[in-house]
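[1] From the sequence below, what's the structure:
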Amino acid sequence: MKTRRIALLIVLGILVILIAINVFKNQGTTLSTRDAQLTLSDTASIHQILIRRTNDTLRLLRKSNQTWVFSNQRTVNPAYIKFCFRIFGQIKISSVLPKNQWQAIRDSIVQKGVEVVLYNNQQEVLQNIYYFPDKQNQKTYALKKSAEEPFLVELPGYEGNFSGIFYLPQTHWYQPLIIHYLPSQVREVSVEHTDNPKKSFTLRLTGKQIPVLLDYEDKPCPYSKEAVKAYLTFLRNISVDRYLDNSHLYDSLLHTHPIYRISIIDQADSLNQLLFYRIQQRDEIDRNFCYVLISNGLVGILPYYQLDPVARPIDFFTTFENK
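    Numbering: from 1, shown residues only. Predicted structure coming up:
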């Protein structure tokens, strides 16, 4: 009996020693209250987002109408903002890391990761976190600014590298919609067919008055009411595939002949003027895509299937019933 008790005490002693060694070895891997606060409960208080990357910095600002713009006033893709807010409010820690790995992981995160700083409307810092996607091991790390402990994190319900959004080029963040109006928002649409002016038209919609269709000589023309209703539905969700940040291309296109000039004036007297150009590839013209110059200096690449409904000729309205 005494021998069994001694053996039991020896086993318990060994277990205590092993536990102590393990605790000492991984000291600090329990969640530090401060270091583990990676989410922001009140995302509505965010008024500015600063994204510092290796080669540049993105500064996103929230306007009074709740839209987001860059410091150059170009509109941010709202889908990207929505996804960012999901990250800010929902990421969670999937695993803690042994303390003996903290320093090496912190160094990698700070050197190769992206720093995201969130500010409120008083320019106070709400959150400051580094994100780093380890693509080789399919992991994502997060580290609070000046924190000791980094963490492996995940975004519930999302498969893949969610932090990759912070690495996208700035042009990918621009709002892709170039024409997006409800029928009630439009006051005037003018479409100029530069290769064949007789196809050009201006459609004026002045409140409760009867719409007016003008030809290229500004003469009123009869039209189909159904055609006008149909056309106004085309002025929604016209998006570029991507933007090119190329000032030389923009300037050179301005001195060439566009295929269409489209101007849209809304009920608030805001003018949206767009110029469309063929894409010349060596000795051939691209039949699927065209360039579009945005008034803020951007060059977009737009598929023709998006443009064709808006760039209708005038006979769409005058011969609609025969189509």
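[2] give me the number of residues near the closest residue to residue 313 other than its chain neighbours?
    Distance criterion CB to CB, 6 or more residues apart in numbering; nearest residue to residue 313, sequence neighbours excluded, is residue 199 at 3.7 Å. The way it works is simple: take the backbone N, C-alpha and C, and place the C-beta from them, glycine included. Residue 199 has 19 neighbours, counted by other CB atoms under 10 Å.
[3] CA-only coordinates of stretch 39-49 in CSV, if you can.
    Presented in CSV, the C-alpha positions along stretch 39-49 are these (Å, rounded to 0.1, in the frame of the first residue of the first chain):
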residue,chain,number,x,y,z
THR,A,39,-12.8,44.0,-33.7
LEU,A,40,-14.6,47.3,-33.4
SER,A,41,-18.1,47.1,-32.0
ASP,A,42,-19.2,50.5,-33.2
THR,A,43,-18.2,50.5,-36.9
ALA,A,44,-20.7,53.4,-37.5
SER,A,45,-18.2,55.7,-35.8
ILE,A,46,-15.6,55.1,-38.5
HIS,A,47,-15.1,58.3,-40.6
GLN,A,48,-11.7,57.7,-42.1
ILE,A,49,-9.7,54.6,-43.1
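[4] Now find how far off-centre that stretch is within its chain.
    A distance of 17 Å separates the centroid of the chain from that of stretch 39-49, by CA atoms, centre = their mean, to the nearest Å.
[5] before we move on, what about stretch 48-60?
    With CA atoms, centre = their mean, you get 13 Å for stretch 48-60.
[6] Identify each buried residue in it, please.
    48, 49, 50, 51, 53, 58, 60 (16 or more other CB atoms under 10 Å).
[7] which two in these are spaced the farthest apart?
    Within these, two members stand farthest from each other by CB to CB: 48 and 53, at 16.5 Å.
[8] what's next to the helix or strand harbouring residue 50, contact-wise?
    Per DSSP states H and E: residue 50 is located in strand 48-52. The contact list for strand 48-52 (CB atoms under 8 Å, 6 or more residues apart in numbering) reads 57-62, 68, 84, 114-119, 123, 166.
[9] go with 6 Å
    58, 59, 60, 61, 115, 116, 117, 119, 166 (CB atoms under 6 Å, 6 or more residues apart in numbering).
[10] State the mean pLDDT of that strand.
    Averaged over strand 48-52, pLDDT sits at 97.
[11] what are the pairing partners of that strand, and which direction each?
    strand 57-62 (antiparallel), strand 114-119 (antiparallel) (DSSP bridges).
[12] Surely residue 106 is in a helix?
    Yes: looking at residue 106 with DSSP: H, G, I helix; E, B strand; the rest coil, it is inside a helix.
[13] Kindly tell me how buried it is, as a neighbour count.
    Neighbour tally, residue 106, other CB under 10 Å: 20.
[14] List the contacts of the residue lying closest to it once chain neighbours are set aside.
    In space, and not counting its chain neighbours, residue 106 is closest to residue 150: 5.6 Å by CB to CB, 6+ apart. Contact analysis of residue 150 by CB under 6 Å, 6+ apart lists 105, 106, 109, 141, 143.
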